[in-house]
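K.L.:
The amino acid sequence is not available; the structure is as follows:
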């Protein structure tokens, strides 16, 4: 347990540099800023539609994946490229613990930004509408999307030096084009999984977008099961590639 905490803490510190704090902080807050500026005198359904439209288009589809992609790909990828991973894998630490620690660090580091952005969106809507029922759904859904993206991108960052390009192609081509055209593939889209959690917790009037996103019958329980599957697969892949490294 001590080794896991140490690896997690060290990785979080490595991931949260000053430049990233500024850049990713601004990116995460940008959707809330745009909502506040663009919503103007809107009210009722128009305000809610603007909130969800900006939330989907800028927060879930851009801010969350971009922030989580870069940080998660760096969790193992930077250590491999800097040749410092050997100092960890040569110690008597189970590969599954190393993988879990790196995944946890990626989630914590990314959620610093995605959670802040989600809170800002929820508060912005609350200030405009006096309806604060969207703060918790935003925070929970951002956490879900962040975890799933990290589960995908942590092992990818180790496997390929072009992980950022591959990840961006996954986000904008696979999620943006293919999954949008084939709604049955929604469970392969991390931000849609997160948004399913949002719809499961949000008031009923927010449900008008579920069909357009390929989401059917939002259910928090099934969403959490999907998250658990992504985590398990990520752990298995990461543990396998770390064991394989020992043979190189």
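P.N.:
Cool, got the structure. These numbers were taken from a predicted model, which means no experiment stands behind them.
K.L.:
quick one: the helices in the protein?
P.N.:
Assigned by DSSP state H, the helices in the chain fall at 2-15, 18-39, 44-54, 64-81, 86-89, 95-129, 135-159, 163-169, 179-181, 190-201, 220-245.
K.L.:
Just put these in a markdown table and tack on mean neighbour count, distance to residue 208 and mean pLDDT.
P.N.:
Just so you know, the C-beta spots here come from the backbone N, C-alpha and C atoms, and that holds for glycine as well. Output for these, formatted as a markdown table (neighbours: other CB atoms under 10 Å; distance: least, CB to CB, whole Å; pLDDT from 0 to 100):
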| stretch | mean neighbour count | distance to residue 208 | mean pLDDT |
| --- | --- | --- | --- |
| helix 2-15 | 16 | 37 | 84 |
| helix 18-39 | 16 | 18 | 93 |
| helix 44-54 | 17 | 8 | 88 |
| helix 64-81 | 25 | 21 | 83 |
| helix 86-89 | 14 | 48 | 55 |
| helix 95-129 | 23 | 16 | 92 |
| helix 135-159 | 25 | 15 | 94 |
| helix 163-169 | 17 | 30 | 88 |
| helix 179-181 | 15 | 17 | 83 |
| helix 190-201 | 26 | 10 | 92 |
| helix 220-245 | 16 | 19 | 88 |
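K.L.:
Could you pull up the contacting residues of the nearest residue to residue 149 once chain neighbours are set aside?
P.N.:
In this structure, residue 149 finds its nearest non-sequential neighbour in residue 68, 3.9 Å apart by CB to CB, 6 or more residues apart in numbering. Shown in contact with residue 68 (CB atoms under 8 Å, 6 or more residues apart in numbering): 106, 110, 114, 145, 146, 149, 150, 153.
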